[in-house]
Structure formats: structure tokens, C-alpha cells
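S.K.: Just the structure for this:
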Amino acid sequence: MIWDLLSLHQITKRTISTALHRQFENKFPAKQKLFQEDDGIPVHLKGRIADALLYRATVILTVGGTAYAIYQLAVASFPNKQD
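M.R.: Numbers count the residues shown, from 1 in each chain. As a prediction, the model looks like this:
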């Protein structure tokens, strides 16, 4: 019983590790070359369109949130008069 479990563990371990090598190719050298080339683009935007969209969304949310916080502070600073 124990030998069956040990052999099953070895088989699954071997199958998973070899399957991963066959499915994925190493894209690291291409990404490394992309991020190291000197083309004047900031590193946080070198991921092309996805990085640009994430950057713009972050800027818009930050500016919008700051404006909303300042608005709420102004509203809280001047309470309504009680009649």
C-alpha cells in the first residue's frame, strides 16, 4: 500500500514537471531585450497598450479621488445652518 502511494507520487511529480516544460516556451529573453532597449519610453509603459491603459486608469482614478476628497472636505467644512 505504501509503495503504491510512493510510486504514484513519483509518477505524478514527473508528469507535472515534464508537462510544464513542453507547454510553455521561455519568453524571458525577449521580454528582457524589450525592457532593456533604450528607446525613450519609460519602463512602466514598455508593456505596450496594456501598461498604457493601466497607467491612464490609475492617473484618472487618483486625480478623481483627490478631487472628490477635497470636495467632501469643503462640504464638511461649511455645515448647513440650523434654523
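S.K.: Give the rounded mean pLDDT of stretch 68-83.
M.R.: Average pLDDT, stretch 68-83: 90.
S.K.: Downstream of the lowest-mean-pLDDT helix or strand in the chain, the next helix or strand is which one?
M.R.: Every helix and strand in the chain was compared by mean pLDDT, DSSP states H and E; the lowest is helix 2-23, with a mean of 63. Downstream of helix 2-23, the first helix or strand assigned by DSSP states H and E is helix 28-36.
S.K.: got a list of what the residue nearest to Ala52 when sequence neighbours are not counted touches?
M.R.: Leaving aside its chain neighbours, Ala52 sits nearest to Leu45 (5.7 Å; criterion: Cβ to Cβ, 6 or more residues apart in numbering). C-betas here are computed from N, CA, C, even on glycine. Applying Cβ atoms under 8 Å, 6 or more residues apart in numbering, one finds that Leu45 lies in contact with 51-52, 55.
S.K.: Show me which of those are buried.
M.R.: The neighbour count (16 or more other Cβ atoms under 10 Å) marks nothing among the contacts of Leu45 as buried.
S.K.: Look up how far Arg48 lies from Leu61.
M.R.: Going from Leu61 to Arg48 by Cβ to Cβ, to the nearest Å gives 21 Å.
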